[in-house]
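Visitor: Generate a structure from the sequence data that follows.
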Amino acid sequence: MAEQKTNVMRVLEQRKIPYTAHMYPHGDSPVDGATVAQLIGKAPEQVFKTLVTMSAGKTPYVFVIPALEELDLKKAAKAVGEKSIAMLHLNELLPLTGYVRGGCSPIGMKKQFRTTIDDSCLRHQTIVVSAGKIGYQVELAPADLLALVRGQTTDITVEV
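Guide: Numbers count the residues shown, from 1 in each chain. Purely as a prediction, here's the structure:
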């Protein structure tokens, strides 16, 4: 499979941010994080998914959490100073971010939204996030990702 450059990869190259591209075989539908981790040979806790939420005041927020975890909406709302937030409706994802479900990246959205990354990312030298297209992932240092998206870290996952 020939490597295609995604917008995410172009952004990283323009900013001279080192990354490793990973591709995995896929159909048209998204695969879960555990499968992605297995397909690219990474630990599941190193593979992060990008979730987009909306506040009652219609402000979008981006949260990036380990693929096997669940976003704690209360912790997430508190992290961004909102009373409450809800997951974005699927039909709103593409118009708002430019990405489809399963291919949503915190990098290169149509607009830079406030981004919070689960603080577990700091335990890894590199983490893997979507490269903006189903079947494509990029691996980079958490500090580089945080600097690029002007993100913050805090605990935003559901306690098990």
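
Visitor: residues of stretch 90-109 that come out buried?
Guide: Using 16 or more other Cβ atoms under 10 Å as the test for burial, stretch 90-109 gives 93, 96-99, 102-109. (Each C-beta comes from the backbone N, C-alpha and C, glycine too.)

Visitor: what does stretch 122-139 give?
Guide: Neighbour-count burial for stretch 122-139 flags 124, 126-139 (criterion: 16+ other Cβ under 10 Å).

Visitor: now swap in stretch 67-80 and tell me
Guide: If you call a residue buried by 16+ other Cβ under 10 Å, then stretch 67-80 has these buried ones: 67, 69, 71, 72, 73, 75, 76, 77, 79, 80.

Visitor: Might you report the residue contacts of residue 125?
Guide: With contact set as Cβ atoms under 8 Å, 6 or more residues apart in numbering, residue 125 has these partners: residue 141.

Visitor: Residue 113 versus that one, what's the distance?
Guide: In this structure, residue 125 and residue 113 are 26 Å apart, going by Cβ to Cβ, to the nearest Å.

Visitor: Pop out the phi and psi values for residue 128.
Guide: Note on residue 128: its backbone torsions stand at phi -120, psi 130 [degrees, to the nearest 10].

Visitor: isn't it right up against residue 136?
Guide: No - assessed by Cβ atoms under 8 Å, residue 128 is found out of contact with residue 136, at 10.7 Å.

Visitor: what residue ranges in the chain score low on pLDDT?
Guide: For the chain, residues meeting the criterion pLDDT under 70 lie at 1-3, 30.

Visitor: For it, which residue occupies the most central location?
Guide: Nearest residue to the geometric centre of the chain (Cα atoms, centre = their mean): residue 50, 2.8 Å.

Visitor: check contacts around residue 120.
Guide: Contact partners of residue 120, counting by Cβ under 8 Å, 6+ apart, are 45, 66, 155, 157.

Visitor: Bridged to the last one, which residues?
Guide: Using DSSP bridges, the beta-bridge partners of residue 157 come out as residue 71.
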